[in-house]
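Enquirer: Take a look and give me a structure for this.
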Amino acid sequence: MKTTIALATALATLTSLPAMAADCPIKVGVLHSLSGTMAISETTLKDTMLMLIDQQNAKGGVLGCQLEAVVVDPA
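Expert: This next block holds a predicted model:
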């Protein structure tokens, strides 16, 4: 679980770097299994990421831009 959170944090950081030169909103990739055997345990992680993105947007976003979650199932 710690690895997944670290991966999600790294992914969010890496996806926000090119957004500094791009137009708003900043797209954040949320790569979680939404189907298959891992879907049961990773649904909570996906919901947590979406909640954290909503909380950050309520605080004004990042660098003046709102965050937009892009949820993808790698399967």
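Enquirer: Name the strands paired with the helix or strand where Glu68 lies and say parallel or antiparallel.
Expert: Assigned by DSSP states H and E, Glu68 falls within strand 67-72. Using DSSP bridges, the strands paired with strand 67-72 in its sheet are strand 26-31 (parallel).
Enquirer: Would you indicate which residues of the helix or strand that comes right after the strand it pairs with are buried?
Expert: Downstream of strand 26-31, the first helix or strand assigned by DSSP H and E is helix 39-58. By neighbour count on 16 or more other CB atoms under 10 Å, the buried set for helix 39-58 is Glu42, Leu45, Lys46, Met49, Leu52, Ile53, Gln56, Asn57. For the C-beta atoms, the positions are set from N, CA and C on the backbone; glycine is no exception.
Enquirer: Would you mind listing the outside residues contacting the strand holding Glu68?
Expert: 25-32, 34, 46, 49-50, 53, 56-57, 61 (CB atoms under 8 Å, 6 or more residues apart in numbering).
Enquirer: try 7 Å this time
Expert: 25-31, 46, 49-50, 53, 56-57, 61 (CB atoms under 7 Å, 6 or more residues apart in numbering).
Enquirer: That one to helix 39-58, inter-axis angle?
Expert: Using axes from the mean of the first three to the mean of the last three CA atoms, to 10 degrees, the inter-axis angle of strand 67-72 relative to helix 39-58 is 160 degrees.
Enquirer: give me every residue that touches Phe60.
Expert: Wrong residue type there; residue 60 is Gly, not Phe. Taking CB under 7 Å, 6+ apart as the test, Gly60 contacts no residue whatsoever.
Enquirer: And Leu45, by the same measure?
Expert: Going by CB under 7 Å, 6+ apart, the list of residues near Leu45 reads Thr4, His32.
Enquirer: Check what pLDDT it gets.
Expert: Looking at Leu45, its pLDDT stands at 89.
Enquirer: Could you report the separation of it from Val62?
Expert: From Leu45 across to Val62, the span is 20 Å (CB to CB, to the nearest Å).
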